[in-house]
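Visitor: predicted model follows, preceded by the sequence.
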Amino acid sequence: MKQFTSFVKKEFYHIFRDRRTLFILLCMPVVQIVIFGFALTNEVKNSRIAVLDQSNDLSTTAIIHELDASRYFEVQDRLHSQADIESAFRRGKIRMVVVFPQGFREDLDHFNKAQVQLVADASDPNVATTLINYASAVILDYQERVTDDKKLPYSIQTELRMLYNPQQKGAYSFVPGVMAMVLMLVCTMMTAITIVREKELGTMEVLLVSPIQPLKIIIAKAVPYLLLSLVNIASILLLSVFVLDVPVNGSLLLLIAEATLFTITCLVLGLLISSATDSQQTAMFISLTGMFLPTVMLSGFMFPIENMPVALRVISNIVPARWFYAIVRDVMIKGAGIEAVWRETLILLGMTLVLLFLSIRKFKIRLA
Amino acid sequence: MKSKEEVITEHDAVIRVDRLTKRFGDFIAVNELSFEVKRGEIFGFLGANGAGKTTAMRMLCGLSLPSSGRATVAGFDVYRQTEQIKRSIGYMSQKFSLYEDLTVKENMRFYGGIYGKTDAFIKEKTNSILDQLRLQKEANKLVGSLPLGWKQKLAFSVAIFHEPRIVFLDEPTGGVDPITRREFWNMIYQAAKTGITIFVTTHYMDEAEYCNRVSIMVDGRIEALDTPKELKKTFAAATMNDVFLKLARKAERSGD
């Protein structure tokens, strides 16, 4: 036991004396949450639009006023002719042009039907679609108010309910994603690097000749990063709840237990990588492109898995982060209990055990 | 073939090797090595790259299992008692150095702990080493801040910190200036005087002269084993360098 504690102590010395890396490891989750939470959002706000109003009547003025008043739009320019539209977009600042033809109000009064044209910059199709939808909603809203007293033959009212995330906050989907990313980065990469560093320094040889068992070496190296990860998980959850208003709807205990399981998965992955290479650079490279990148792309947090082609959907099944993301999302956002996530948990557990078996075997082979 | 009892009652040999062999598939890296190393001896284990030195050493350190043959290190069998072997030996390689981001004292406490030494022992031994090397003032400095020569000497001291019976040195003086090398060998002599057996491999032929006995491996076999004086006589060579060249030229294998 004394061997083990001496070793863990040494590992903590290494971590705490490397101030720069420690700073990155502890601050990274904070920075990511803040960036994702405040700066990067799917919502489109304060988009600059232009208006070509060829009628200039009460109705068009009212609609334009509504658009400008909404938090989604800012009416920047008033255009004077069709020719202006192209150049307004070219200048780059305008994302959409609203065109009212001549005699808008008259058409509405006499024919019960008028037209509005929305021209959007679709070089970013997502933004364009969103803007068109927002604008249509504003116009529809106006229409309902104006035609309130006139009887329409029939109308279909659709009522929308956004479950679990009524405000459709983007934060809900990426807090679990950030958690997966941070754990993957800290645990996998740092564990791999710390083991390979001993090989590079030549101290690993000495350790192998000494009476300490290789298993103790590995566990002693993993323990500090396990603890560091728990600190990171705590800071992510605290930030989510108190700064981003993303609640923890399910059991906190279950969440932490699952996060610990995933941490162990990542640590074992780091171990596996370390037995594949003798160079710290290679270890870092494999961790980043082999583990971290698939985690970001294929775990489902940035791009929905259902949208991916079959081949990628299949591949995403072997990315551990995919299962972890699903678990955290269900437990944290939907408030699900173990009954709902037991399958994913089992899969994650199975992956961990298989990886553990493989890496211990590989470690032993290198010794002989 | 001597019986087991006869082998045990022989003189004070700390390493006994009898027809030790290591095969990797069809390739025979170490071919029926047989030799003994006596207690307190400084035994030079020479050979070109690819001759099989490192493989042989790994077997003696309990790091790899032989394919056939027998060997005991500090009385323990290399097949079945590798844990005891590891407790009784020390090891230092050219690459090895202490952890640069730990202090001198922390390094010693770490290795002392690994070898299961008590706190009292660690404290006492640390002080005696620092006294011996006159590094008392550097005790709490990070190893990374020390000059290279001191690092090497400290590394050796740490390799024998737990007072093993045998210490294996794998080209320990590589990349070190001649003065430091000389001082390093003084330390080796001191250690040998306290009864530690030194098993050292080296490329520097002048260091071969410092050893009590020298063996030269060529293509997995020992082609010569004797005191430097006798070897020079046998091979009609003026220096160990010439002895080595005469033998190494016969080699078919080269490079690891």
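Guide: Structure received.
Visitor: give me the number of residues near residue 202?
Guide: Looking at chain A here, since you left the chain open. A:Gly202 has 16 neighbours, counted by other CB atoms under 10 Å in any protein chain shown. For every residue, glycine as well, the C-beta is placed using N, CA and C.
Visitor: to clarify, I was referring to chain B.
Guide: B:Thr202: 23 surrounding residues under other CB under 10 Å.
Visitor: over to B:Leu65?
Guide: Counted with other CB under 10 Å, the neighbours of B:Leu65 add up to 12.
Visitor: go on, A:Phe363?
Guide: 18.
Visitor: any idea which element the nearest residue to A:Ala222 once chain neighbours are set aside lies in?
Guide: Counting by CB to CB, 6 or more residues apart in numbering or on different chains, A:Ala222 lies nearest to A:Leu267, which is 4.6 Å off, once chain neighbours are set aside. In the assignment (DSSP states H and E), A:Leu267 maps to helix A:252-274.
Visitor: name the element the residue nearest the centre of chain B belongs to?
Guide: Centroid check for chain B by CA atoms, centre = their mean gives B:Phe168 as the closest residue, at 2.3 Å. For B:Phe168, the host element (DSSP H and E) is strand B:166-170.
Visitor: what are the contacting residues of stretch B:116-123?
Guide: Outside stretch B:116-123, the residues that touch it by CB atoms under 8 Å, 6 or more residues apart in numbering or on different chains are A:2-3, A:211, B:87, B:108-109, B:112-113, B:125, B:161-162.
Visitor: how long is stretch A:325-344 from one end to the other?
Guide: End-to-end distance for stretch A:325-344, by CA to CA, to the nearest Å: 10 Å.
Visitor: show me which residues of the stretch 151-300 of chain A sit near chain B.
Guide: A:201-203, A:205-212 (CB under 8 Å from any CB of the partner chain).
Visitor: of all the residues you listed, which comes closest to chain B?
Guide: Nearest to chain B among those: A:Gly202, at 3.0 Å, using CB to the nearest CB.
Visitor: so who does the closest one touch?
Guide: Applying CB under 8 Å, 6+ apart, we find A:Gly202 in contact with B:93-97.
Visitor: per-residue confidence at it?
Guide: pLDDT for A:Gly202: 83.
Visitor: quick check: closest non-adjacent residue to it.
Guide: Leaving out its chain neighbours, the residue that sits closest to A:Gly202 by CB to CB, 6+ apart is B:Lys95, at 3.0 Å.
Visitor: confirm that that neighbour sits in a strand.
Guide: No. Counting by DSSP: H, G, I helix; E, B strand; the rest coil, B:Lys95 falls outside a strand, being coil.
Visitor: next, count neighbours for it.
Guide: When neighbours are counted by other CB under 10 Å, B:Lys95 registers 17.
Visitor: could you dump the contacts of A:Gly202 into JSON lines and include distance to A:Leu239 and pLDDT?
Guide: JSON lines is the format used below for the contacts of A:Gly202 (distance: CB to CB, whole Å; pLDDT from 0 to 100):
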{"residue": "B:Ser93", "distance to A:Leu239": "47", "pLDDT": "85"}
{"residue": "B:Gln94", "distance to A:Leu239": "49", "pLDDT": "80"}
{"residue": "B:Lys95", "distance to A:Leu239": "44", "pLDDT": "81"}
{"residue": "B:Phe96", "distance to A:Leu239": "44", "pLDDT": "79"}
{"residue": "B:Ser97", "distance to A:Leu239": "42", "pLDDT": "78"}
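Visitor: closest to chain A out of these?
Guide: Minimum distance to chain A across the contacts of A:Gly202 is 3.0 Å, recorded for B:Lys95 (CB to the nearest CB).
Visitor: next one: the closest one from A:Glu200, what distance?
Guide: Between B:Lys95 and A:Glu200 the distance, using CB to CB, to the nearest Å, works out to 9 Å.
Visitor: could you do A:Cys266 as well?
Guide: As judged by CB to CB, A:Cys266 and A:Glu200 stand 22 Å apart.
Visitor: give me the distance between A:Phe242 and chain B.
Guide: Noted for A:Phe242: a distance of 36 Å to chain B, by CB to the nearest CB, to the nearest Å.
Visitor: next one: phi and psi at that residue?
Guide: Here is the backbone geometry of A:Phe242 (degrees, to the nearest 10): phi -90, psi -20.
Visitor: tell me the mean pLDDT over the helix or strand where A:Tyr172 lies?
Guide: Using DSSP H and E, A:Tyr172 sits within helix A:171-183. Averaging pLDDT along helix A:171-183 gives 82.
Visitor: need the contact partners of it.
Guide: When contacts are defined by CB under 8 Å, 6+ apart, helix A:171-183 is touched by residues A:28-29, A:32-33, A:36-37, A:164-165, A:229, A:232-233, A:236, A:240, A:244-246, A:259, A:262-263, A:266, A:292, A:295-296, A:299, A:301-302, A:321, A:324-325, A:328-329, A:332-333.
Visitor: what are the ranges of the strands in chain A?
Guide: Taking DSSP state E, the strands of chain A run over residues A:47-53, A:73-79, A:96-100, A:117-120.
Visitor: and for the residue lying closest to A:Ala220 once chain neighbours are set aside, the neighbour number?
Guide: Distance criterion CB to CB, 6+ apart; nearest residue to A:Ala220, sequence neighbours excluded, is A:Phe7 at 3.7 Å. By other CB under 10 Å, 21 other residues sit near A:Phe7.
Visitor: next one: B:Lys105
Guide: For B:Lys105, the neighbour count with other CB under 10 Å is 17.
Visitor: for the residue of the stretch 1-150 of chain A found nearest chain B, which residues are in contact?
Guide: Closest approach between the stretch 1-150 of chain A and chain B, counting by CB to the nearest CB: A:Ser6, at 2.9 Å. Taking CB under 8 Å, 6+ apart, we find A:Ser6 in contact with B:109-110, B:112-114.
Visitor: do the same with A:Asn46
Guide: Contacts for A:Asn46 (CB under 8 Å, 6+ apart) come out as A:71-74.
Visitor: quick one: contacts for the closest residue to A:Val248 other than its chain neighbours?
Guide: Once flanking residues are discounted, A:Val248 sits nearest to A:Met332: 5.4 Å by CB to CB, 6+ apart. A:Met332 makes contact with A:175-176, A:246-250, A:255, according to CB under 8 Å, 6+ apart.
Visitor: and the gap between A:Met332 and A:Ala234?
Guide: Distance from A:Met332 to A:Ala234, by CB to CB: 14 Å.
Visitor: try B:Leu231
Guide: Shown here: B:Leu231 relative to A:Ala234, a distance of 67 Å by CB to CB.
Visitor: those two: who's more crowded?
Guide: The neighbour comparison of B:Leu231 against A:Ala234 (other CB under 10 Å) goes to B:Leu231, with 23 against 13.
Visitor: is it correct that the more buried one is in contact with B:Asp242?
Guide: No. Contact criterion CB atoms under 8 Å: B:Leu231 and B:Asp242 do not qualify, at 9.9 Å.
Visitor: return the distance of the helix holding A:Tyr172 from the chain's centre.
Guide: Averaging C-alpha positions (CA atoms, centre = their mean, to the nearest Å) puts helix A:171-183 6 Å from its chain's average.
Visitor: quote the end-to-end distance of stretch B:157-174.
Guide: End-to-end distance of stretch B:157-174 (CA to CA): 17 Å.
Visitor: next, the contact list for the residue nearest to A:Ile318 when sequence neighbours are not counted, please.
Guide: Spatial nearest neighbour of A:Ile318, excluding adjacent residues (CB to CB, 6+ apart): A:Met351 at 7.9 Å. A:Met351 sits next to A:265, A:318, A:320, A:323 when contact means CB under 8 Å, 6+ apart.
Visitor: pLDDT wise, what is the last one at?
Guide: At A:Trp323, the pLDDT value in this model is 91.
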